[in-house]
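In: Build me a model:
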Amino acid sequence: MAVMADSAAVPEEARPGPQAPLRERGGGDQAPVKQRRISFRVRLRRDKSLLVMVIPTMLVLLVFNYLPMFGTVSAFEYYDPIYGFFHSNFIGMQNFNQLFADSAFWHAFQNTLVLSLVQLILYFPVPIALAILLNTVLSTKLRSFIQAVVYLPHFFSWVLVITIFNQMLGGAGLLNQFLRQHHMATWDIMTNGGMFKYLITFQAVWKEAGWGIIVFLAALAAIDPALYESAAVDGAGRWRRMWHITLPGMRGMIVLMLVLRLGNALNVGFEQMLIQRQAVGPQHAEVLDTFAYYYGVTGNNFGYGAAAGLFKGVISLILIYAANKAAHRLGEDGLYRK
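Out: Numbering: from 1, shown residues only. This is a model prediction of the structure:
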């Protein structure tokens with residue numbers, strides 16, 4: 001009777017629910033039946049606080065990324081700002097036919113690919129190496145100081161960055177002043193067209209590499225320290241621990257950032273190129289972004305510039321799709337799980 005009374009005193013909603021039914025599998029093993037899928041309304045009520053937090057980000061993307069995509073219709077028009085998108089003359093593929101027959105466009109496209117390849121080879125490994133080196137610093141205060149120093153250039157504008165480089169490497173910069181004092185030939189790197197692709201890569205490394213280590217430091221923090229301890233006990237040196245533990249632990253993040261980098265490969269820095277274009281000449285600094293600006297905006301041929309921008313967007317989409325497919329074939333998640 002006491003047992004029955006205790007059982008009756010427990011509220012019905014607090015009692016444990018019935019166990020999931022078991023089903024027979026081969027060999028006599030039993031496994032629980034797959035649980036019922038949660039409905040969309042329940043998930044919406046469960047995650048409403050997270051959805052509210054993401055609303056500002058979605059609004060920014062909508063206003064600055066998705067709404068401007070309607071402007072791509074001007075690539076198929078002889079666009080006139082006075083008449084707008086709906087009343088400008090529709091000319092079909094004429095802008096693209098003119099674009100693909102323009103040697104200046106293909107020269108800008110070639111420059112963009114070369115500069116992107118150089119930056120991919122020389123810039124992309126730098127944040128990974130910096131993150132690994134910074135992770136080996138044992139002193140917390142020293143690590144925080146180094147992080148603050150390498151983060152700082154990210155907040156400088158490109159105007160300031162190029163001014164600093166000009167004061168160091170320009171014709172009247174510190175390097176040439178030192179060479180003159182020692183009766184040596186001067187070297188104006190800032191106006192040397194042959195060195196331009198390496199110059200802008202070095203500028204990008206100095207400005208953005210410190211900021212780029214954030215995601216790789218997060219990947220390193222997710223690696224279990226017990227793996228390093230076990231490897232050290234087994235006699236593995238620093239290089240073996242890095243090769244067999246650190247790099248495999250960062251592989252997923254490296255692949256993800258590489259996919260994003262390839263998708264953004266044709267964006268080699270509009271402001272950076274625009275400021276230095278006159279110093280080295282269009283033959284070295286003309287890229288797709290500056291081509292669309294000079295031949296489209298300043299030339300009052302907005303449809304022509306929009307066609308160049310749309311071509312760049314399509315190529316970028318193909319690159320990121322191909323890179324993501326390659327990541328899936330290598331067994332990585334890429335942008336999303338397969």
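
In: Quick check: next helix or strand after the helix or strand hosting Ser49?
Out: Assigned by DSSP states H and E, Ser49 falls within helix 48-61. Sequence order places strand 77-78 as the next helix or strand after helix 48-61, per DSSP H and E.

In: tell me what the next helix or strand after that following strand is packed against?
Out: Scanning forward in sequence from strand 77-78 by DSSP H and E, the next helix or strand is strand 89-90. Counting contacts by 3 or more Cβ pairs under 8 Å, 6 or more residues apart in numbering; DSSP states H and E, strand 89-90 is packed against strand 77-78. Bear in mind the C-beta positions are built from the backbone N, C-alpha and C, glycine included.

In: Could I get the contacting residues of Ile315?
Out: Ile315 makes contact with Leu266, according to Cβ atoms under 8 Å, 6 or more residues apart in numbering.

In: Can you verify it is assigned to a helix?
Out: Yes. Counting by DSSP: H, G, I helix; E, B strand; the rest coil, Ile315 falls inside a helix.

In: From Ala292, how far off is it?
Out: 13 Å (Cβ to Cβ, to the nearest Å).

In: next one: Val268
Out: For Val268 relative to Ala292 (Cβ to Cβ), the value is 13 Å.

In: For Gln119, which non-adjacent residue is closest in space?
Out: Excluding its sequence neighbours, the residue lying closest to Gln119 (Cβ to Cβ, 6 or more residues apart in numbering) is Thr201, at 5.1 Å.

In: in the helix or strand containing that neighbour, what counts as buried?
Out: In this structure, Thr201 sits in helix 196-221 according to DSSP H and E. Neighbour-count burial for helix 196-221 flags 196-197, 199-210, 212-213, 215-217, 219-220 (criterion: 16 or more other Cβ atoms under 10 Å).

In: I'd like to know which helix or strand in the chain has the lowest mean pLDDT.
Out: Ranked by mean pLDDT, DSSP states H and E, the weakest helix or strand in the chain is helix 2-9, scoring a mean of 43.

In: who does the helix holding Thr201 touch, helix- and strand-wise?
Out: Checking 3+ Cβ pairs under 8 Å, 6+ apart, helix 196-221 ends up next to helix 103-122, helix 125-135, helix 140-151, helix 158-169, helix 247-263, helix 270-280, helix 282-285.

In: Using CSV, write out the CA atom coordinates for the following helix or strand past it.
Out: Proceeding N to C from helix 196-221, the next assigned helix or strand is helix 225-233, under DSSP H and E. Below are the C-alpha coordinates for helix 225-233, written out as CSV (Å, rounded to 0.1, in the frame of the first residue of the first chain):
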residue,chain,number,x,y,z
PRO,A,225,46.6,18.8,-24.4
ALA,A,226,46.7,15.2,-23.4
LEU,A,227,47.7,14.3,-26.9
TYR,A,228,50.9,16.4,-26.6
GLU,A,229,51.6,14.9,-23.2
SER,A,230,51.2,11.3,-24.5
ALA,A,231,53.4,12.0,-27.5
ALA,A,232,56.1,13.6,-25.4
VAL,A,233,56.1,10.5,-23.1
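
In: and the next element down the chain from helix 225-233?
Out: That would be, after helix 225-233 and using DSSP H and E, helix 238-241.

In: Name the helix or strand for Phe291, please.
Out: Per DSSP H and E: Phe291 is located in helix 288-292.

In: circling back to that earlier point, for the residue nearest to Gln119, give me the pLDDT.
Out: As predicted, Thr201 sits at a pLDDT of 93.

In: Do I have it right that it meets Ser116?
Out: No. Applying Cβ atoms under 8 Å as the test, Thr201 and Ser116 come out as separate, 10.3 Å apart.

In: Mind listing what's buried along stretch 165-183?
Out: Neighbour count says stretch 165-183 has Phe165, Asn166, Leu169, Gly170, Gly173, Leu175, Asn176 buried, by 16+ other Cβ under 10 Å.

In: Let's have the residues you listed in JSON lines, adding distance to Pro81.
Out: Output for the buried residues of stretch 165-183, formatted as JSON lines (distance: Cβ to Cβ, whole Å):
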{"residue": "Phe165", "distance to Pro81": "37"}
{"residue": "Asn166", "distance to Pro81": "36"}
{"residue": "Leu169", "distance to Pro81": "41"}
{"residue": "Gly170", "distance to Pro81": "39"}
{"residue": "Gly173", "distance to Pro81": "42"}
{"residue": "Leu175", "distance to Pro81": "46"}
{"residue": "Asn176", "distance to Pro81": "46"}
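
In: closest to Val287 among those?
Out: Phe165 (18.6 Å; Cβ to Cβ).

In: quick check, Tyr336 in a strand?
Out: No. Going by three-state DSSP, the assignment for Tyr336 is coil, not a strand.

In: Find the nearest non-adjacent residue to it, please.
Out: Asn324 (7.8 Å).

In: how big is the angle separating the helix or strand hosting the one you found from helix 103-122?
Out: If you go by DSSP H and E, Asn324 is part of helix 302-329. Calculated by axes from the mean of the first three to the mean of the last three Cα atoms, to 10 degrees, helix 302-329 forms an angle of 30 degrees with helix 103-122.

In: got the buried residues for helix 302-329?
Out: Across helix 302-329, burial judged by 16+ other Cβ under 10 Å covers 302-312, 315-316, 319-320, 323-324, 327.
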